[in-house]
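**Student:** For reference, the sequence and a predicted model appear below.
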Amino acid sequence: MDNKIPSIPKRIGSVKFGLISPREIRKMSVTAVIAADTYDDDGYPIDMGLMDLRLGVIDPGLKCKTCSSRAGECPGHFGHIELVAPVIHVGFNKMIRKILRAICPKCGRLSLEPANKEEYLRQLAKLKEIGHLPDSLISDIFKEAAKAKTCPYCNDADGNPTKKTVIKFEKPVEYIEDGEKLTPSEIRDRFENIPDEDVRVFGMDPDNARPEWMILTVLPVPPVTVRPSITLESGQRSEDDLTHKLVDIIRINQRFQENRDAGAPQLIIEDLWELLQYHITTFFDNEVSGVPPARHRSGRPLKTLSQRLKGKEGRFRGSLSGKRVNFSARTVVSPDPNLSINEVGVPFPIARQMTIPIKVVSRNIDLMRMYVARGTGVHPGANYVIREDGRRIKVTDVNCGELSEKLGFGWTVERQLADGDIVLFNRQPSLHKMSIMAHYIKVLPNKTFRLNPCVCPPYNADFDGDEMNMHVLQTEESRAEAKILMLVQENILSPRFGGAIIGGIHDHISGLFLLTRNENFISKNGALELLRKADIRKLPEPAGRHGNGEPYWNGKQIFSQILPKGLELEFPAKVCFQCEVCKKGDCEYDSYVIIKDGELLKGTIDENAIGAFKGIVLDKVVKEYGTTIGAKFIDDVTRLAIRGVMRTGLSFGIADEDVPNEAKLEISDAMAKAEDEVHNLIQAYDANELESLPGRTLAETIEMLIMQKLGKARDQAGQIAGNHLGLENSAVIMAKSGARGSMLNLTQMAACVGQQAVRGERIRRGYSDRTLPHFKKDDLAADAHGFVKASYKSGLNPTEYFFHAIGGREGLVDTAVRTSQSGYLQRRLVNALQDLEVQYDGSVRETRGVVVQFKYGEDGIDSTKSDYSKPEAVHRIVRSVTGKEVD
Amino acid sequence: MRKFRLLDHNSVPKHEIMQEDEIKVLLNTYQIDKERLPKIKGIKKSVEKVGKKVTKKVGKKISDKGVDPVVIELGAKIGDVIKITRISQTAGESLYYRLVIE
Ligand SMILES: [Mg+2]
Ligand SMILES: [Zn+2]
Ligand SMILES: [Zn+2]
Ligand SMILES: [Zn+2]
């Protein structure tokens, strides 16, 4: 049998939207549905019931009475319910309201002068011609027509123009005119009266959408295939929510009919009409405001039509644009600095579940036999084999031996993941291409994915519970592509700024800083221990010998061992004090790095050398020696750094924030002085002696001056604290080397937290003319407006604590708002740019071939291959080849 | 008082109408037809005459809606190609071309 769907490509010429007319509903219906029931006692669908066989089939074995195909092939067919009385469609309430207000209640004509109508028609046609949306014009038309107090076309019984009264709308579906409720029938009658030419004036096409079709007289019944019933394990049938709703509708419709035929009192009729309206409203949308949602017996609200489409899990975002895949795994990530940056540690249980299909050929049949023979229990085993005829057989402990022998050419073995397999690794949100990279697997015990901390920056991962996804590649082509394009080492350089995004972080930086900073007399044992993992076969000549003849090496020598031969570099380190005239190699702080022929001669290694985002050495190694050597360099550097930091040890405790008493005095002196100055400023302001800054009012000026003074005071306090803590303080080491934290953090911990701000200004809100009752009214002093004199170590006083909480709250709100906003911006940008492509001629074009940019980025340069777009690269090459400087 | 000229403004890059032979070279280098060029909105052919008349009187045309001011300034016709020389952060100077459309 040929089950293939013919794949003739077809172009969609146009899409037409309109309202479905009752005639159309009846025309497409295969049966009227009158029985409020589904199956009879034998479990057979009731004729003209909700599961009527003409509406399509879902049980295997039954045949559709309409198209005579079986379940799965039958697309399903619509039925219909004849409503006893018209009912409003909730989705069109807005439109119904607008039209109702714009037309005459008696003759149904749009309340506009004929000349106006013509003019509007002309404008509509023009908008259509130039392809603009008519929305705003149409809302103008409705507004204009609603303004009319009388009908320009007809008269009432007294011969005066017919009066129009304001029609009030009440949620959910009530229209009140003159205190009287308009029934849907009345509304429908009015709409029927609107002449076609008037319908056109308010932008509707009467051939495809007559206004009265917004009020339902017949309800389409969706096919059974849209609302399949499921059979529970107990054998009991459970119907879809839509079917439940339809049962309600039919039941009320019937009762309505019976009561009306029996001539029941108006009150009962009205109640039933309202009930029918309720059921049909909730059939379309069960979350209309003002309507209690229809619920299951269990209390769960029903999922009706609108709920199927709307929202994140709805048909559009959840099913149509949503993508879910097989061969993927997700778990928590944790660090393992001993893995290469190209590797990922995969837990055993995951490696045993996930498979790679391998075709059996003469060259691998023995290996494949071995995998199958191992079964599923022993690690690199096989989970399934696929025979030549395409049948999948699960490998079990029982059949593995037999299958292994039967295995022949052309079979496929689904082998378990093993060391060296390539997989894709991803962390959401996937904001740039480095959010999905390829890694080689290393199967490890325990239950987390392990990754080298160096790859945290591109994934923006940390280990506070982050989870990541892994995807196992299933074809040879995809594996090749992943290896060439997506492997971590191919993504060390970020196209965003052309520098390394993968590199040393935190302890890697402090480790190398401590190692390369001083002489660090390192014994032979120490040297070998440091370089243990770096594949170094020979130590260089020792830097010197102790008195007893014992040789020693220094940190710079050790670091030089992992630098590639021939590397030439010169740059100021992060710790550089930015002296007016840089003494370069003679810098007294050893902060000018000189590397000659792969040998670190001068300078200290810190963030500027090997840090992610900034590492100059890193950048140069990758650009000049290629990605493989670059990756090995990062691996070596980080391993050396970890051992380096362990040699001296680096810890931080509360005691590291202690400053000596004299420093405390100095700080409080500085603070007192600043407060005095602020006090003087305020006095000058009060005496009106202050001169305002250009473009500022006096009040703004004083605020600015006070902020300036206090900012300076905080910095001064930080300076004092920093000086007393000294360069050996671990927080200072981390801040200066760029490993973690900043001097500002340290200032706040040890000296002074500083001004708390809301929207960049001192805190002003609170009680009338003051922030808190603790202060005098109109007090401008520092402490009354959120200046925190204390440090975190010394502790904040109650008012300081309160102001700090205000400032902190703003920070939290800001981040929350920023992430949601930037996420939306990203989505829109990606949607707009996703189809653009850089062509071989360097131009950027979209799918039709229209040029968007004549040269990619205007200069046609791949930022990862350029040296921060500076001519230094050329100069260096000339220097390295000719030995001469270029000017 | 001298009328402000749009193209004199610092933020408006240099715009020139290209000669036919220049256009030929351009289209040839990128192996495209005119339609594949980026567009710029020009004055509709049918209203061009009316527009010009009004310009003299009021200085602003009724048919100007959506028309790029630079096109009016240059007096470019539908089908002309405008060469734009921009100052670029990355390349120093970069060239861009736009086809004048209705
Ligand atoms: Mg986290
Ligand atoms: Zn069918
Ligand atoms: Zn009327
Ligand atoms: Zn220096």
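**Tutor:** Looks like it came in fine. Ligands and ions are numbered 1, 2, ... in the order given.
**Student:** Could you say whether residue A:217 sits in a helix, a strand or coil?
**Tutor:** strand (DSSP: H, G, I helix; E, B strand; the rest coil).
**Student:** ok, now which ones touch it?
**Tutor:** Neighbouring residues of residue A:217 by C-beta atoms under 8 Å, 6 or more residues apart in numbering or on different chains: A:22, A:82-83, A:86, A:188. Yep, even glycine has a C-beta here, placed from its N, CA and C like the rest.
**Student:** Closest residue of the stretch 351-500 of chain A to chain B?
**Tutor:** Across the stretch 351-500 of chain A, no residue is closer to chain B than residue A:498, which sits at 11.1 Å (C-beta to the nearest C-beta).
**Student:** gap between that residue and ligand 1?
**Tutor:** 28 Å (C-beta to the ion, to the nearest Å).
**Student:** Count the neighbours of the closest residue to that residue other than its chain neighbours for me.
**Tutor:** Sequence neighbours aside, residue A:863 is the residue nearest to residue A:498 in space, at 3.6 Å (criterion: C-beta to C-beta, 6 or more residues apart in numbering or on different chains). Using other C-beta atoms under 10 Å in any protein chain shown, residue A:863 has 18 neighbouring residues.
**Student:** do the same with the one 3 residues further on
**Tutor:** Other residues near residue A:866 come to 14 when the count uses other C-beta under 10 Å.
**Student:** Would you agree it is in contact with residue A:498?
**Tutor:** Yes. Assessed by C-beta atoms under 8 Å, residue A:866 is found in contact with residue A:498 at 5.9 Å.
**Student:** Which residues of chain A lie near ligand 3?
**Tutor:** A:104, A:106-107, A:151, A:153-154, A:162 (C-beta under 5 Å from the ion).
**Student:** Of those, keep whichever come out buried.
**Tutor:** A:104, A:106, A:151, A:153, A:162 (16 or more other C-beta atoms under 10 Å in any protein chain shown).
**Student:** and the third one, helix, strand or coil?
**Tutor:** Read that as residue A:151. strand.
**Student:** Not counting residues beside it along the chain, what's closest to it?
**Tutor:** Counting by C-beta to C-beta, 6+ apart, the residue nearest residue A:151 is residue A:104, at 3.7 Å.
**Student:** What parts of chain B come near chain A?
**Tutor:** B:29-32, B:35-38, B:86, B:88-91, B:94-97 (C-beta under 8 Å from any C-beta of the partner chain).
**Student:** In strands, which of those appear?
**Tutor:** B:86, B:88, B:94-97 (DSSP state E).
**Student:** and which of those is nearest residue A:581?
**Tutor:** residue B:88 (34.7 Å; C-beta to C-beta).
**Student:** So for the chain, the centremost residue is which one?
**Tutor:** No chain specified, so I'll use chain A. residue A:429 (4.4 Å; C-alpha atoms, centre = their mean).
**Student:** was after chain B, sorry
**Tutor:** Central residue of chain B (C-alpha atoms, centre = their mean): residue B:71, at 3.8 Å.
**Student:** Could you identify the buried members of the contacts of residue A:217?
**Tutor:** Applying 16+ other C-beta under 10 Å to the contacts of residue A:217 flags A:22, A:82-83, A:86, A:188 as buried.
**Student:** Right, I'll leave it there.
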